[in-house]
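[1] mind folding the following:
(4 chains)
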Protein chains: 2
Amino acid sequence: MTTQSRATLADVARLAGVSSKTVSRVFADAGNVSAETRERVLGSAKRLRFRPNNLARNLRRGGVTNTVAFVIGDLTNPFYFTVAAGIERELALHGLTMVLASTDDSPDSEERVVDALLAQRVRALVLIPIADDQSYLDGERQLGTPVVSVDRPARNLIADSVVLQNRVGVAEAVRSLTAIGHRKIGFLSNPAGIYTQRERLAGYRDALREVGVTETAHWERLDDDPSVSAEYSVRSLLALADPPTAIVAGNNRGSAGAVRVLRDLDPPVAFIGFDDFELADALGISVVAYDPIELGRTAARLALGHLADPDSFTTQVEIPTRLIQRGSGEIPPPA
Amino acid sequence: MTTQSRATLADVARLAGVSSKTVSRVFADAGNVSAETRERVLGSAKRLRFRPNNLARNLRRGGVTNTVAFVIGDLTNPFYFTVAAGIERELALHGLTMVLASTDDSPDSEERVVDALLAQRVRALVLIPIADDQSYLDGERQLGTPVVSVDRPARNLIADSVVLQNRVGVAEAVRSLTAIGHRKIGFLSNPAGIYTQRERLAGYRDALREVGVTETAHWERLDDDPSVSAEYSVRSLLALADPPTAIVAGNNRGSAGAVRVLRDLDPPVAFIGFDDFELADALGISVVAYDPIELGRTAARLALGHLADPDSFTTQVEIPTRLIQRGSGEIPPPA
DNA sequence: TCGCACGATGTCAACGATGTCCCAGATTGT
DNA sequence: ACAATCTGGGACATCGTTGACATCGTGCGA
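    The predicted structure is shown next:
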């Protein structure tokens, strides 16, 4: 494996008998090079396996790359990576590349990871905020780097954001349950501390209040400890002296647990989850759904918008949710 | 929004009253700078919102970045994304970043996408080969860029690869069916043309041949048209004059379809899928499983190994699979 | 007390590509 | 026929950082 060193513009130029500027013209400018010269240059380039060095190019062009960073908490969550797919697609349409970095859901590493990306001179930053405070990004924003927060609003930072209709979505789901007579409705949330879960909890309470139910605390299972399984929470609800006749989950984690417990219960307990999932249709599970790809695309579009017009206003977008009824949410309470 | 320009080493140096080299030392070398000077430099840097420019740094250091590219066919396939998560984790341990690019399953765009990444001077390349020929990467490999192919071997290219125990895994699954008396076993494969599916099909035939069944063509549903739904294929198997008593699927696409059709069949038809999936346990679906995270980690480790020792031999790794019995695969044939 | 090692800092060039300016010759208009 | 314009191509500086090497005190052993 003779690891020879990489060819540069100058090497190609020497072999082709032209100046390096001419080679540069062939590869970038496309301006004013005779067909004959171009052929000769391309021939030499191929022979030397030349590949233009984007590091140098970008440096010369003022330190601007064509990559956009997406900072994600937990890479193994299917929700986040579908968002990433949306971002990648939209960026690809504009010739931009996505760099993906994970903070492993650790608030402390967020700033460190983001810093490393900014040092790479990413063109824009899309992130799912994990830490309690994104004010450290303010300087960068003022320097002109678009920052878009996804799924949750950034804290202490003026930035575009794309979030779901969490509160309205859950309220609609709960309303569909109260409409068929349910009053004792459980709610699963874990981790309960984060923005999305707080919003969804609020939606749950909203809808119950509308039918006069204000005492909901004993039907709420709010945890911040990921080791508490959703199955356990569901069982603890069913073990109540006055158990709920329906359960709503704040995320797909809750759905997975609920499915396991509820499938062979008699009398059946109604269930509605948040986040759609593979096979939910086969299982007949009703869910509050939305389009995660669209979430990503929208985030990318906002970033691209700021790149095109740095002085545009910051925007908050809400991605709509919709209730998909598949059976589990349409079970009426026992007579 | 006053978009002021970015501060450089020189700017910080001027403000701190030192040379730019000293500032460089503070941010990189960490070598021999007095505490007092360091304080002063860091102060100026913060005031100017200075951030070192990795483009310039990497250029100066010989055009070597700390990013590794992962080229993926279809970003929305959870399998690939979990692999990506594994890669990202392993790389993070070594201070490297992952860039993700998608070819949208188009063989034509593979070379284009890869080229763009190589121009960014990625340190190594991990890819899921889509095109029929990866020989275009040979030059780059000779230049010392580690290339690792994942899930399928690269064609016409000497490169490390990490693949699953496809053939053995499926053979084991089919054997578990023949062991309890099944002889009429269907096989679903779509897209059937790719390496993994061909291997799995071979495993299926292997195991049937062991029990003397050599005529399997009418039980094989091999499609290359993604618009042919797995449900349709399953139904067409069941509609045979002599329908199979068990079905094996070549991927999770097949499983999803099979689950929908098979759940309320009487007499029940045994089923084993390839690829584990969320809720497979709740549904009692037996599958041939493996660890996709480990697949990614292994790929990353191979790349890192080549970076550490450029002259190391290329390696082929097989990630083990295992049969997880959850009920659907243990149904005996009707008496 | 002198030489020398060492710590703290500075000078300068170079990484690879490109923007700016410049030039020689060919072509065009009047 | 001559100036004006265009076309292909080159020289040189430059983007922001760092490696190699130089410089200047200071303290310490001989």
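
[2] quick check on the closest residue to residue A:141 other than its chain neighbours: phi, psi?
    Spatial nearest neighbour of residue A:141, chain neighbours left out: residue A:147 (5.2 Å); criterion: C-beta to C-beta, 6 or more residues apart in numbering or on different chains. Backbone N, C-alpha and C define where each C-beta goes, glycine included. For residue A:147, the backbone dihedrals (degrees, to the nearest 10) come out as phi -120, psi 130.

[3] dump the residue contacts of residue A:147.
    A:124-127, A:134, A:137, A:140-141, A:154, A:157, A:159-160 (C-beta atoms under 8 Å, 6 or more residues apart in numbering or on different chains).

[4] including neighbour count, could those go into CSV?
    As requested, those are exported to CSV (neighbours: other C-beta atoms under 10 Å in any protein chain shown):
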residue, neighbour count
A:124, 23
A:125, 23
A:126, 27
A:127, 28
A:134, 23
A:137, 25
A:140, 20
A:141, 19
A:154, 23
A:157, 19
A:159, 23
A:160, 26
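
[5] now, those residues that are in helices?
    A:140-141 (DSSP state H).

[6] looking at the contacts of residue A:147, which one is closest to residue B:70?
    Closest to residue B:70 out of the contacts of residue A:147 is residue A:126 (18.2 Å), distances taken as C-beta to C-beta.

[7] so how far is the helix or strand containing residue A:98 off the chain centroid?
    Assessed by DSSP states H and E, residue A:98 sits inside strand A:97-102. With C-alpha atoms, centre = their mean, to the nearest Å as the basis, strand A:97-102 stands 12 Å off its chain's centre.

[8] so which residues make contact with that strand?
    Counting by C-beta under 8 Å, 6+ apart, strand A:97-102 makes contact with A:66-75, A:84, A:87-88, A:91, A:113, A:116-117, A:120, A:122, B:67, B:84-85, B:88-89, B:92, B:97-101, B:116-117, B:120, all of which sit outside it.

[9] with just CA atoms, put that strand into PDB.
    C-alpha atoms of strand A:97-102 as PDB (Å, rounded to 0.1, in the frame of the first residue of the first chain):
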ATOM      1  CA  THR A  97     -24.800  18.300   3.500                       C
ATOM      2  CA  MET A  98     -25.900  17.400   7.000                       C
ATOM      3  CA  VAL A  99     -23.500  16.600   9.900                       C
ATOM      4  CA  LEU A 100     -25.100  14.700  12.700                       C
ATOM      5  CA  ALA A 101     -23.900  14.900  16.200                       C
ATOM      6  CA  SER A 102     -25.300  13.400  19.300                       C
END
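
[10] name every strand pairing with that strand and say which way it goes.
    Strand A:97-102 pairs in its sheet with strand A:67-72 (parallel), strand B:97-102 (antiparallel), by DSSP bridges.

[11] same for the helix or strand that the last one is followed by, what does it pack against?
    Towards the C-terminus, the helix or strand next in line after strand B:97-102, according to DSSP H and E, is helix B:107-119. Here helix B:107-119 touches strand B:67-72, strand B:97-102, strand B:124-127, going by 3 or more C-beta pairs under 8 Å, 6 or more residues apart in numbering or on different chains; DSSP states H and E.

[12] format those as JSON lines; extra columns: distance to DNA strand D and mean pLDDT.
    Below are those laid out as JSON lines (distance: least, C-beta to the nearest atom of the strand, whole Å; pLDDT from 0 to 100):
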{"stretch": "strand B:67-72", "distance to DNA strand D": "17", "mean pLDDT": "94"}
{"stretch": "strand B:97-102", "distance to DNA strand D": "17", "mean pLDDT": "88"}
{"stretch": "strand B:124-127", "distance to DNA strand D": "21", "mean pLDDT": "96"}
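
[13] mind putting these in CSV, distance to residue B:9 included?
    Output for those, formatted as CSV (distance: least, C-beta to C-beta, whole Å):
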stretch, distance to residue B:9
strand B:67-72, 23
strand B:97-102, 23
strand B:124-127, 29
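
[14] quick check: buried residues in the strand holding residue A:98?
    Applying a neighbour-count criterion of 16 or more other C-beta atoms under 10 Å in any protein chain shown, one finds A:97-102 buried in strand A:97-102.

[15] likewise stretch A:282-299?
    For stretch A:282-299, a neighbour-count test (16+ other C-beta under 10 Å) marks A:282-283, A:285-299 as buried.

[16] now, those that are in strands?
    If you go by DSSP state E, the buried residues of stretch A:282-299 have A:286-289 in strands.

[17] pick the one among the residues you listed closest to residue B:175.
    Checking these against residue B:175 by C-beta to C-beta gives residue A:287 as the nearest, at 38.2 Å.

[18] identify the residue nearest that closest one in space, chain neighbours excluded?
    residue A:273 (4.5 Å).

[19] quick one, grab the pLDDT at the closest residue to residue A:157 other than its chain neighbours.
    Distance criterion C-beta to C-beta, 6+ apart; nearest residue to residue A:157, sequence neighbours excluded, is residue A:134 at 4.1 Å. At residue A:134, the model reports a pLDDT of 96.

[20] before we move on, back to that, could I get the strands paired with strand A:97-102 as CSV with distance to residue A:168?
    What follows is the strands paired with strand A:97-102, written out as CSV (distance: least, C-beta to C-beta, whole Å):
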stretch, distance to residue A:168
strand A:67-72, 25
strand B:97-102, 33
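
[21] the stretch 151-300 of chain A: strands as residue ranges?
    Along the stretch 151-300 of chain A, the stretches classed as strands by DSSP state E, counting those that start in this stretch are A:160-164, A:185-189, A:220-222, A:246-249, A:270-274, A:286-289.

[22] just name the most buried of those.
    Mean neighbours per residue, mean count of other C-beta atoms under 10 Å in any protein chain shown, is largest over the strands of the stretch 151-300 of chain A for strand A:246-249, with a mean of 31.

[23] can you count the residues close to residue A:143?
    If you count neighbours by other C-beta atoms under 10 Å in any protein chain shown, residue A:143 ends up with 17.

[24] nearest residue to it other than its sequence neighbours?
    Nearest non-adjacent residue to residue A:143, counting by C-beta to C-beta, 6+ apart: residue B:6, 6.1 Å away.

[25] would you verify that that neighbour is located in a helix?
    No. Secondary structure of residue B:6 (DSSP: H, G, I helix; E, B strand; the rest coil): coil, not part of a helix.

[26] and it, how close does it get to residue A:117?
    Distance of residue B:6 to residue A:117, given as C-beta to C-beta, to the nearest Å: 15 Å.

[27] more neighbours: which of these two?
    Shown here are residue B:6 and residue A:117; by other C-beta under 10 Å, residue A:117 has more neighbours (21 against 18).

[28] quickly list what the residue lying closest to that one once chain neighbours are set aside is bridged to.
    Nearest residue to residue A:117, sequence neighbours excluded (C-beta to C-beta, 6+ apart): residue A:69, at 4.2 Å. Taking DSSP bridges as the rule, residue A:69 bridges to residue A:99, residue A:125.

[29] residue A:65: neighbour count?
    For residue A:65, the number of neighbouring residues by other C-beta under 10 Å comes to 22.

[30] also residue A:303?
    By the criterion of other C-beta under 10 Å, residue A:303 has 27 neighbours.

[31] ditto for residue A:14
    For residue A:14, the neighbour count with other C-beta under 10 Å is 16.

[32] so it is in which element?
    helix A:9-16.

[33] against which helices or strands is that helix packed?
    Using 3+ C-beta pairs under 8 Å, 6+ apart: helix A:9-16 touches helix A:20-24, helix A:35-48.

[34] just name the most buried of those helices.
    When the helices and strands packed on helix A:9-16 are scored by mean count of other C-beta under 10 Å, the highest mean neighbour count falls to helix A:20-24 (a mean of 18).
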